[in-house]
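Asker: need a 3D model of the following:
(3 chains)
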Amino acid sequence: MSDFAQHLINGVAAGTIYALVALGYTMVYGVLKLINFAHGDVMMVGTFLGYGVAQKLGYEHQSSLWGVLAIFLAAMAACAVMGFLMERFAYRPLRDKPRLTALITAIGISFTLSYGFQLDFGPLPGAAPRAFPEIIAPREWLIIGDRAVVIWNWQVISLAIAIGLMLILQALVYRTRFGRAMRAVSFDHRTAALMGIPVDRIIALTFMLGSALAAGAGILYAIKDTAIQPLMGLYVGLKAFVAAVIGGIGNVPGAVVGGLLLGLVEEFVVGYSSSSWRDAVAFGFLIVVLLVRPGGLFGRVAAEKV
Amino acid sequence: MPAWLRGLVPVLIAIAVLAVLQLLLGHLPFFVYLASIVGVNVILAVSLNIVNGMTGQFSIGHAGFMAVGAYTAGKLSFLLKDVAIAGLPAVVSDQVQFLGTLLAGGAAAAICGFIVGLPSLRLRGDYLAIVTLGFGEIIRVIVQNMEVFGRALGLSGIPQTSSLFAVWFCVFLVVLVARRIVGSTHGRSLWAIREDEVAAEAMGVNTTGYKVRAFVISSFFAGVAGGLFAHFVPIINPGSFTFVKSIEVVVMVVLGGLGSTTGAIVAAVILTLLPEALRTLFLQLGGLGAGVSLAQKVDQIRMPVYGILLVVLMLVRPQGLFGTREVWDLLPRWIPRARKGLT
Amino acid sequence: MRSALAAVLTSCALALVGCEKKASAPPPPSAPSGGTAAAPSGGTPGVTGDTILLGEVGSLTGSEATFGISTRNAIELAIREVNAAGGVKGKKIEIRVYDNQSKPEEAAQAANRLINQDNVLLILGEVASSNSMAMAEKAQPAKVPMISNASTNPKVTEIGDYIFRVCFIDPFQGYVMAKFAHDNLKLTKVAVLRDLGSAYSQGLADVFERKFTEMGGKIVARETYTKGSTDFRSQLTAIKRASPDAIYIPGYNDIGLIARQARELGVTAKLMGGDGWDSEKLFELGGSAIEGSYFSNHYSPDDPNPRIQKFIADYKAAFGSVPDSLAALGYDAAMVAVDAIKRAPSFDRAAIRDAIAQTKNFPGVTGTITLDDKRNATKPAVVLEVGKGKTKYVATIAP
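Answerer: I've put the predicted structure just below:
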């Protein structure tokens, strides 16, 4: 029983990170219908930026609340700028072209970032993994029995951030003018433009928001799993993408639920069956969900326009 | 000339040309290796173009089908290594076995294509992409878990029976099939599905049926490409058939122009040779006195440069090199055109 | 119908012409030598004027880049030293390094290029066994000597008589740790956590499980993870349920994270591993969680032997980081090659091959290297205990 509880906690912790990265995927997809393959790599860049800031501030194990905030904000702001540049120069010129072309530029950016960061000269980090400083000092939040079940403070913090972000984003999309504009652009960006909505600005802002989210998710990921390296975006990005699709891509609560579900499924496969089939089960789960509910758990299958 | 013979003319010409090339160039190992890699990538790109280009579906699991073909053919060849067909000289028996394993690899991949395609081709748009991606990953996990497939180490000891001739004859076959599809009723239906699936269905096109058939043909050739690959590398391991490999093939198809067979060929050739060419270029630069360490570092720069080139190419020519046209559509007027629709 | 006929006929034709090609196949074995005869000035491959050109294939990018880069650095260091000491037989050594993106087909292509285009004298590399095997499949038929620095799978050198290695093989290293766990630590219940995507990890784990069971121990849990994953909590929770005395984890840099997460979950079992652990990342990623663990290695960094201390100091001075075990093996591979070139009567590849095969009691960083008749290095292994920021010598186990 106690290890069931521990598996549950592990699964939720892993799922939280998937959910946070999936949020960025889902927002960009919702507005642009673009699978932004570079999203995971933006996350990687954000994490390395956070690492750089932490080094500059000289944190090894412990830091103040302000320090943590500075690390998060610096990385998120820098990634927002990066997201803006990517959108402006790599995606906007291709907006009215076949969707596959934008996908290829996304792949190109992904290759450039993930392989570029493997270079070991100049300010680039090289391929070796680095240990992210423990900017949130790890503390047991709850211990049951003789350390049979342990919950850590950062697990609670991450989950709270993920759910908080989900609620904020949901409110942003459904309660604000900006959100209404986003939904209009998502529905039909040409008509939206005719209605006086500044389409370019809305898309750019969405991109910046998504990239900033990725940076935040990356740092939380680094707090959880310590090691950061240039290819991490590829692995986490793929899983997060799967999570977004399971939840129904383009849907904000769907991304969070999808992320948590994927985390839990993976966890319980390892816990109660064989760990070597973990990835196969994750993707098998995805396929089954798609076959039963082609739009994902929360997605709607839009009626075809004739 | 009787009609049935006319259909064979291109095949005979191809055989003759390839046999001559084999005799002239077959003894240059590096050339043969590069040509084989290029050939395999051309087969992958042209076959994926049948699904992604002509039918307008979006599959990103081609490496998975390639893996099925490679492991099936590789394992069979490995098992048959010490078996010879009675009454035939060893070399002939080897080649017959090689052919058999290629067909088996293709067939296995085609069966997988059918199993994956039938349910998922009913889904629209990006979801097929995700299902194929999932399939590719599942294949990799299966291979990693099975002792018969050598797990992480992969299959080794596959006889190197592939040759320049074999690879490029398969290239010829896949191109022939692709061109024949374009010119046929089948191709027209695929084109209709690509342009507007609902309208095509309204016109009485069995969309699921056509899509599944296109997918199965595409998977078959991906399997053959994998089989060839296994016989010249000649070691296969799960690391060769990752998601990144699938993406490379998609990039070739998009770069060449979705729906353009010759475009896919040109793009596959360019993208396969580009890293090798960059290597040569950087070596030349590094040789100018900057010394050994530069030459070593530059090899690492190849992949980021490749990524940047992709972005630039897409921005400059978003429709791909040829759009939906073929090479000869771009030739000056006075050169005689190939006839449309080789039926 | 017609196309079916065409298909049948073409396949027959394919088979027939295929045979024609194979009939003319006998020449190729001699073709490489023909190629070497036509080699640019001098007539000996890899040797032009006053330089000797060696080749190396490594994973400079991709999932195994860390190992490829430290190997490359160490080989560069070795070559610099040799050249500073006046080179070999009055000639400077040059090395050409190609990246294989951690993929076998790229390794085969790079080896092919080194052999046929650049015409190198011999090839060094690779770390991953599958990449080494792909290279060996090209080097053996062309009769180019190849020394693998760190491919531990027994199959690598079985490919042919031109393929050598300077590291010990999986069956030996797995045995070392099983013996240490059983005899020295007196453990009976061990769990095994392996990397599913790594042939090295699989090989060591298999041997360890077999040997440890033969010695009377019990494997109480078998778990796996995949390359690139950073969350091992699910596997560790499952292992915790079996309450083992120790966990055997043959891995690379992942081990620091595994140790951290194990302690975080309250797993108190001892951790044990192989030479892949030897990296300064072990301390950086593992922190205090890794202290008190054991791993088998080629040498002990606190061995007072001047050869070892000089290597560590030089490497630190040149690249600003502590060498890992792969760097040490890369250095030895290059030095064994140079030694063989010195001893060989000529620059002929066959002569070099014979000289490498005769390597005996060569004083390397990773121990005294003697190549046996299966072209594998035989040398004792040491077991190290991880302390605070450094390792401590515990035992030596001979083959």
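Asker: check contacts around the closest residue to A:Ala102 other than its chain neighbours.
Answerer: Take A:Ala102 and drop its neighbours on the chain: the residue closest to it by Cβ to Cβ, 6 or more residues apart in numbering or on different chains is A:Leu94, 4.6 Å away. Every residue, glycine included, has its C-beta placed from N, CA and C. Counting by Cβ atoms under 8 Å, 6 or more residues apart in numbering or on different chains, A:Leu94 touches A:101-102, A:105, B:314-315, B:318.
Asker: ditto for A:Val256
Answerer: Counting by Cβ under 8 Å, 6+ apart, A:Val256 has contacts A:19, A:22-23, A:162-163, A:166, A:247.
Asker: up against chain A, what does the stretch 51-200 of chain C have?
Answerer: Residues of the stretch 51-200 of chain C lying close to chain A (Cβ under 8 Å from any Cβ of the partner chain) are C:61, C:63, C:65-66, C:69, C:196.
Asker: closest one to A:Asp279 out of these, please.
Answerer: Relative to A:Asp279, the closest of those is C:Leu196; by Cβ to Cβ it sits at 9.1 Å.
Asker: pLDDT wise, what is that closest one at?
Answerer: Reading off the confidence values, C:Leu196 has pLDDT 87.
Asker: mind listing the helices for the stretch 151-300 of chain B?
Answerer: For the stretch 151-300 of chain B, applying DSSP state H, counting those that start in this stretch gives helices covering B:164-183, B:185-195, B:197-202, B:207-232, B:243-256, B:261-286, B:292-316.
Asker: with chain C instead?
Answerer: Using DSSP state H, the helices assigned to chain C run over residues C:2-23, C:27-37, C:65-84, C:104-116, C:129-139, C:170-179, C:199-214, C:233-241, C:254-264, C:281-286, C:306-319, C:325-343, C:349-357.
Asker: export those as TSV, with columns for mean pLDDT and distance to chain B.
Answerer: Output for those, formatted as TSV (pLDDT from 0 to 100; distance: least, Cβ to the nearest Cβ, whole Å):
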stretch	mean pLDDT	distance to chain B
helix C:2-23	43	3
helix C:27-37	36	5
helix C:65-84	90	6
helix C:104-116	92	4
helix C:129-139	92	4
helix C:170-179	91	10
helix C:199-214	92	4
helix C:233-241	91	15
helix C:254-264	91	14
helix C:281-286	87	20
helix C:306-319	92	11
helix C:325-343	93	13
helix C:349-357	93	15
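Asker: and among the ones you listed, the most buried is which?
Answerer: helix C:129-139 (a mean of 31; mean count of other Cβ atoms under 10 Å in any protein chain shown).
Asker: let's see that helix as CSV, backbone CA atoms only.
Answerer: Output of helix C:129-139 as CSV, limited to C-alpha atoms (Å, rounded to 0.1, in the frame of the first residue of the first chain):
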residue,chain,number,x,y,z
SER,C,129,30.3,-1.4,-29.2
SER,C,130,27.8,-1.2,-32.0
ASN,C,131,29.7,1.7,-33.6
SER,C,132,33.0,-0.1,-33.2
MET,C,133,31.5,-3.2,-34.9
ALA,C,134,30.2,-1.1,-37.8
MET,C,135,33.8,0.3,-38.2
ALA,C,136,35.4,-3.0,-37.8
GLU,C,137,33.2,-4.5,-40.6
LYS,C,138,34.9,-1.9,-42.9
ALA,C,139,38.4,-2.0,-41.5
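Asker: which parts of the stretch 201-343 of chain B sit against chain A?
Answerer: Residues of the stretch 201-343 of chain B lying close to chain A by Cβ under 8 Å from any Cβ are B:243, B:247, B:250-251, B:254-255, B:258, B:297, B:300-301, B:303-304, B:306-311, B:314-315, B:318-320.
Asker: one step back: I'd like the contacts of A:Leu94 written out as TSV, with neighbour count added.
Answerer: Below are these laid out as TSV (neighbours: other Cβ atoms under 10 Å in any protein chain shown):
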residue	neighbour count
A:Thr101	23
A:Ala102	24
A:Thr105	27
B:Met314	27
B:Leu315	17
B:Pro318	19
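Asker: which of these sits closest to chain C?
Answerer: A:Thr105 (21.0 Å; Cβ to the nearest Cβ).
Asker: tell me the strands beside the helix-or-strand element of chain A with minimal mean pLDDT, with direction?
Answerer: When the helices and strands of chain A are scored by mean pLDDT, DSSP states H and E, strand A:140-144 comes last with a mean of 82. Paired strands of strand A:140-144, with direction, are strand A:149-152 (antiparallel) (DSSP bridges).
Asker: distance from the chain centre to the strand it pairs with, please.
Answerer: Using Cα atoms, centre = their mean, to the nearest Å, the mean C-alpha position of strand A:149-152 is found 24 Å from that of the whole chain.
Asker: who's in contact with it?
Answerer: A:2, A:5-6, A:9, A:138-144, C:264-266.
Asker: can I get the helices of chain C in JSON lines including distance to A:Leu124?
Answerer: Shown next, in JSON lines, are those (distance: least, Cβ to Cβ, whole Å):
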{"stretch": "helix C:2-23", "distance to A:Leu124": "48"}
{"stretch": "helix C:27-37", "distance to A:Leu124": "40"}
{"stretch": "helix C:65-84", "distance to A:Leu124": "12"}
{"stretch": "helix C:104-116", "distance to A:Leu124": "22"}
{"stretch": "helix C:129-139", "distance to A:Leu124": "24"}
{"stretch": "helix C:170-179", "distance to A:Leu124": "34"}
{"stretch": "helix C:199-214", "distance to A:Leu124": "27"}
{"stretch": "helix C:233-241", "distance to A:Leu124": "31"}
{"stretch": "helix C:254-264", "distance to A:Leu124": "22"}
{"stretch": "helix C:281-286", "distance to A:Leu124": "18"}
{"stretch": "helix C:306-319", "distance to A:Leu124": "15"}
{"stretch": "helix C:325-343", "distance to A:Leu124": "20"}
{"stretch": "helix C:349-357", "distance to A:Leu124": "37"}
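Asker: all strands for chain A, in order.
Answerer: Assigned by DSSP state E, chain A shows strands spanning A:130-131, A:140-144, A:149-152, A:227-228.
Asker: next one: the closest residue to chain C within the stretch 151-300 of chain B from A:Val292, what distance?
Answerer: Per Cβ to the nearest Cβ, B:Leu153 is where the stretch 151-300 of chain B lies closest to chain C, at 3.7 Å. The gap separating B:Leu153 from A:Val292 is 37 Å, by Cβ to Cβ, to the nearest Å.
Asker: more crowded one of those two?
Answerer: Using other Cβ atoms under 10 Å in any protein chain shown as the criterion, B:Leu153 and A:Val292 rank with B:Leu153 on top: 22 against 8.
Asker: how about stretch C:86-93: buried residues?
Answerer: C:87-88, C:91, C:93 (16 or more other Cβ atoms under 10 Å in any protein chain shown).
Asker: mind putting these into CSV with distance to B:Thr324?
Answerer: Listed next are these as CSV, based on distance: Cβ to Cβ, whole Å:
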residue, distance to B:Thr324
C:Gly87, 59
C:Val88, 59
C:Lys91, 58
C:Ile93, 54
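Asker: separation between C:Asp302 and chain A?
Answerer: Distance, C:Asp302 to chain A, by Cβ to the nearest Cβ, to the nearest Å: 23 Å.
Asker: ok, the nearest residue to that residue once chain neighbours are set aside - contacts?
Answerer: In this structure, C:Asp302 finds its nearest non-sequential neighbour in C:Tyr393, 6.2 Å apart by Cβ to Cβ, 6+ apart. Under the criterion of Cβ under 8 Å, 6+ apart, the contact list for C:Tyr393 reads C:300, C:302-303, C:382, C:384-385.
Asker: all set, thanks.
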